[in-house]
Each structure stands twice: as C-alpha cells, then as structure tokens.
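A.B. asks: need a structure here:
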Amino acid sequence: MTNGKTPPLKFMTVGEVADLMRVSSMTVYRLIKAGDLRAVQVGKSYRIREEDINSFIASRYNQTG
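C.D. replies: This is a model prediction of the structure:
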C-alpha cells in the first residue's frame, strides 16, 4: 500500500559506514574527499545516504571464479 509519499532517506555516519564496509574511518573520509562516495556535510561531520553506499559497493563488486 502506498500513500504517494517517498520513503524517508536513511543517513549513516562515517563510523557506521566504516563498520559496514569493514574499513577505517579514514578510508571513508578519503573516498568522500576523492569524490568516490557521495556525502552531505552537516557542520563538521558527514552523513552518507544508504542508497549511495549500496551504489558505491555495487559499482566496485568483482565477481571471481
């Protein structure tokens, strides 16, 4: 059932993204600064949309074998 409204955006912190991707926070900051991972700056911190994380991971997915 849909009410015509778009679902709310889910944002994650740099720390949450780092935990999800199992990398350091500094790696996430580098990806943001390089323009590889989209983020919104709120004050001095960044927030990353969940769909941008999924797109980033999907674009770098490597199927082996």
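A.B. asks: what helix or strand is the residue nearest the centre of the chain on?
C.D. replies: Closest residue to the average C-alpha location of the chain: Ile53 at 3.1 Å, with CA atoms, centre = their mean. Secondary structure assignment for Ile53, by DSSP states H and E: helix 50-59.
A.B. asks: over to Gly4?
C.D. replies: With DSSP H and E as criterion, Gly4 is part of no helix or strand.
A.B. asks: re earlier: and the contacts of the helix holding Ile53?
C.D. replies: 9-12, 17, 20-21, 31, 36-39 (CB atoms under 8 Å, 6 or more residues apart in numbering). C-beta here means a position set from N, CA and C on the backbone, and glycine is covered the same way.
A.B. asks: any of those residues buried? List them.
C.D. replies: Neighbour-count burial (16 or more other CB atoms under 10 Å) is assigned, among the contacts of helix 50-59, to 12, 17, 31, 37, 39.
A.B. asks: wait, isn't the second one in contact with Thr27?
C.D. replies: This points to Val17. No. Look at Val17 against Thr27 with CB atoms under 8 Å: they stay out of range, at 9.4 Å.
A.B. asks: can you map out the strands along this protein?
C.D. replies: 11-13, 40-42, 45-49 (DSSP state E).
A.B. asks: check which residues of the helix or strand bottoming out on mean pLDDT in the chain are buried.
C.D. replies: When each helix and strand of the chain is scored by mean pLDDT, DSSP states H and E, helix 50-59 comes last, with a mean of 93. Buried positions in helix 50-59, judged by neighbour count with 16+ other CB under 10 Å: 52-53, 56.
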